[in-house]
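Undergrad: mind looking at a prediction? Sequence and model below.
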Amino acid sequence: MFAACADPGQIEGLTWLVCYLTTGKHMAFYASFGTVLLLLAITAPVALAFGFVGAMASRSPVPPLRWLGLGYTSMVRGVPDIAFFLFFVIALDQGLEWLRHHAMCPDWTDPVRQGANFIVCTQAKLPLSSAPQFWHEAYNFGLAIFTFSIVFGAFAANVLYGAMRAVPRGQLETAQAYGLTPGQTFRRILVPQMWIYALPGLGNLWMILIKATPLLFLLGIEDIVYWARELGGAKTSAFAYPHPDWRIWYFLALLLFYLAFTKLSEIVIARLTRRLSRGQAFAP
């Protein structure tokens with residue numbers, strides 16, 4: 001990155017370290033922290049939306065909707081996260097390609113499933129093999145966001161369902177006695193008051209989501225765990241910057257990052273809790 005770093009073999013000491021920490025791969029490592037933060041920024045509201053819909057479905061007076069909502073929360077919460085991530089991403093990817101294959105290649109006669117291989121026509125691949133690398137990475141990232149949202153949406157649905165039930169029934173009955181429709185009661189009484197009951201559970205869910213971000217590594221995304229392992233591994237003299245196994249230092253940096261981000265999250269959640277508690281009878 002710097003002119004002094006042109007020949008790594010001729011530098012040493014602090015200059016060597018500065019040059020080492022500013023290589024292209026290290027820049028990708030630093031950018032991967034942004035990938036994790038972007039995942040959290042997108043997944044949190046999307047998962048909350050999934051959870052809200054799931055909670056409403058679980059409370060629905062229509063049996064099929066209620067069964068669907070309860071089935072979604074029970075099934076997803078009952079499967080280990082790592083198993084769900086590894087299965088669902090593959091199933092979703094192959095499902096999309098299978099639909100595109102039948103739509104775009106109707107004259108294809110060979111079976112799609114050939115033993116352990118899944119073979120579709122070239123036009124049906126997602127993304128196309130000729131697409132720039134950016135679209136391959138964006139596609140994998142989109143699958144990761146959707147999978148994270150499905151998983152954590154089920155937990156959010158369970159939290160929101162309990163929060164809705166925690167709102168005093170007398171307040172809902174009073175609203176109806178004053179002439180509010182069920183929809184107005186839901187929007188004006190139930191939803192505004194349920195958040196104070198839901199926030200502790202949603203706060204814990206947010207912490208779990210932060211801890212789950214290293215699963216990106218399992219989905220083939222070059223996240224901070226990938227780069228920590230890649231850069232920290234022992235490098236021989238064949239590399240520009242040879243060094244012994246430094247993975248402990250890279251993973252220590254990840255530990256400090258997660259601890260700092262968790263502490264910041266705790267501060268924000270505490271302030272939000274105090275704000276939502278204003279006017280509540282049980283506020284400290």
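TA: Sure, I can see it. Numbering: from 1, shown residues only.

Undergrad: what about the strands in this protein?
TA: For the chain, the strands defined by DSSP state E occupy 113-114, 117-118.

Undergrad: and those strands, which is most packed in?
TA: Greatest average neighbour count among these goes to strand 117-118 (a mean of 11), per mean count of other C-beta atoms under 10 Å. Where C-beta positions appear, they are placed from N, C-alpha and C, glycine not excepted.

Undergrad: contacts for it?
TA: The contact list for strand 117-118, computed with C-beta atoms under 8 Å, 6 or more residues apart in numbering, reads Gln94, Glu97, Val112.

Undergrad: residue contacts, the first one?
TA: For Gln94, the contacting residues are Phe118, by C-beta under 8 Å, 6+ apart.

Undergrad: hmm, back to that, so which of the strands of the chain gets nearest Val79?
TA: Smallest distance to Val79 across the strands of the chain (C-beta to C-beta): 22.1 Å, for strand 117-118.

Undergrad: now the closest one: average pLDDT?
TA: When pLDDT is averaged over strand 117-118, the result is 82.

Undergrad: who does that strand pair up with?
TA: strand 113-114 (antiparallel) (DSSP bridges).

Undergrad: now the partner strand, how far from the centre of its chain.
TA: 31 Å (C-alpha atoms, centre = their mean, to the nearest Å).

Undergrad: so where's this structure uncertain?
TA: 1-3, 279-284 (pLDDT under 70).

Undergrad: okay, helices next: where are they in it?
TA: 13-20, 24-58, 63-77, 81-104, 133-166, 169-177, 182-185, 191-212, 224-232, 247-277 (DSSP state H).

Undergrad: format those helices as JSON lines; extra columns: distance to Cys5.
TA: Listed next are the helices of the chain as JSON lines, based on distance: least, C-beta to C-beta, whole Å:
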{"stretch": "helix 13-20", "distance to Cys5": "4"}
{"stretch": "helix 24-58", "distance to Cys5": "11"}
{"stretch": "helix 63-77", "distance to Cys5": "49"}
{"stretch": "helix 81-104", "distance to Cys5": "39"}
{"stretch": "helix 133-166", "distance to Cys5": "26"}
{"stretch": "helix 169-177", "distance to Cys5": "66"}
{"stretch": "helix 182-185", "distance to Cys5": "65"}
{"stretch": "helix 191-212", "distance to Cys5": "35"}
{"stretch": "helix 224-232", "distance to Cys5": "16"}
{"stretch": "helix 247-277", "distance to Cys5": "20"}
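
Undergrad: can you tell me the centre-most residue of the chain?
TA: Phe148 (4.0 Å; C-alpha atoms, centre = their mean).

Undergrad: tell me how far that residue lies from Ser32.
TA: 16 Å (C-beta to C-beta, to the nearest Å).

Undergrad: same question for Lys125.
TA: Distance, Lys125 to Ser32, by C-beta to C-beta: 26 Å.

Undergrad: one more: Cys19?
TA: Distance, Cys19 to Ser32, by C-beta to C-beta: 20 Å.

Undergrad: need the strands of the chain in TSV with distance to Leu252, can you?
TA: TSV is the format used below for the strands of the chain (distance: least, C-beta to C-beta, whole Å):
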stretch	distance to Leu252
strand 113-114	45
strand 117-118	40
